[in-house]
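Trainee: Got a sequence here, can you build the structure:
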Amino acid sequence: MIDLARDQILDALAAFAATRPRLEFGNYGDRSSYRKEVRSITKDLHDARILLGAVRRSSITGCQLVEAFRGKRLQWNGERLDYTTGQYYQVEYRPAVCSVAVSALWAHYAADVTGDNLGDKIRATARRELPRAISKRWFN
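Mentor: Numbers count the residues shown, from 1 in each chain. Predicted coordinates for the structure are as follows:
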């Protein structure tokens, strides 16, 4: 069965993460700090793509994805994404996408584990399913 809402949400998240950050060089003291910021923002894009890919490969439904937005700055209004900026949009919007994907994956992994130490078991699943750097960064 095709879950159109799921695909629509995932496509919107991928498109949102892919938008350019539009950094202004004048906000940075020198080239070194500017380039450091660019590298960090690019790493966030790679993380978002990997996490969204994991969500796409999973059996997570559109309803479960909508639930993953709960309590986040990034929201799904049924048709499009709405983002509430914290301090600096350029460095926050891609991690916001990652946060939604991680919430969806966390709930998905939790459905398959029982007993004590639920968090440890979910993190172990994340280590098996995702690249080491991603699981370490997002599932600690």
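Trainee: Can you tell me which residue is spatially central in this protein?
Mentor: The centroid of the chain falls nearest to Cys98 when counting by CA atoms, centre = their mean (1.3 Å).
Trainee: model confidence over the helix or strand hosting that one, on average?
Mentor: Using DSSP states H and E, Cys98 sits in helix 89-110. Here helix 89-110 scores 97 as its mean pLDDT.
Trainee: got the buried residues for the helix or strand just after it?
Mentor: Sequence order places helix 118-129 as the next helix or strand after helix 89-110, per DSSP H and E. By 16 or more other CB atoms under 10 Å, the buried positions in helix 118-129 come out as 121-123, 125-126, 129. Yep, even glycine has a C-beta here, placed from its N, CA and C like the rest.
Trainee: As a markdown table, these with distance to Ser135 would be great.
Mentor: What follows is the buried residues of helix 118-129, written out as a markdown table (distance: CB to CB, whole Å):
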| residue | distance to Ser135 |
| --- | --- |
| Lys121 | 13 |
| Ile122 | 10 |
| Arg123 | 7 |
| Thr125 | 9 |
| Ala126 | 4 |
| Glu129 | 8 |
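Trainee: of these, closest to Glu37?
Mentor: Closest approach between those and Glu37, by CB to CB: Ala126, at 27.2 Å.
Trainee: circling back: next, the contact list for the residue nearest to the centre of the chain, please.
Mentor: For Cys98, the residues meeting the contact criterion (CB atoms under 8 Å, 6 or more residues apart in numbering) are 44, 47-48, 51, 138.
Trainee: Now with 6 Å, please.
Mentor: The contact partners of Cys98, by CB atoms under 6 Å, 6 or more residues apart in numbering, come to 47-48, 51.
Trainee: what's the answer for Ala126, then?
Mentor: By CB under 6 Å, 6+ apart, Ala126 lies in contact with 135, 139.
Trainee: what about it, distance to Tyr34?
Mentor: Distance, Ala126 to Tyr34, by CB to CB, to the nearest Å: 33 Å.
Trainee: and stretch 29-39, average pLDDT?
Mentor: 95.
Trainee: in the longest helix seen in the chain, what's buried?
Mentor: Selection of the longest helix in the chain by residue count, based on DSSP state H, yields helix 31-57. Buried positions in helix 31-57, judged by neighbour count with 16+ other CB under 10 Å: 34, 37, 41, 44-45, 47-52, 54-55.
Trainee: Cheers, nothing more for now.
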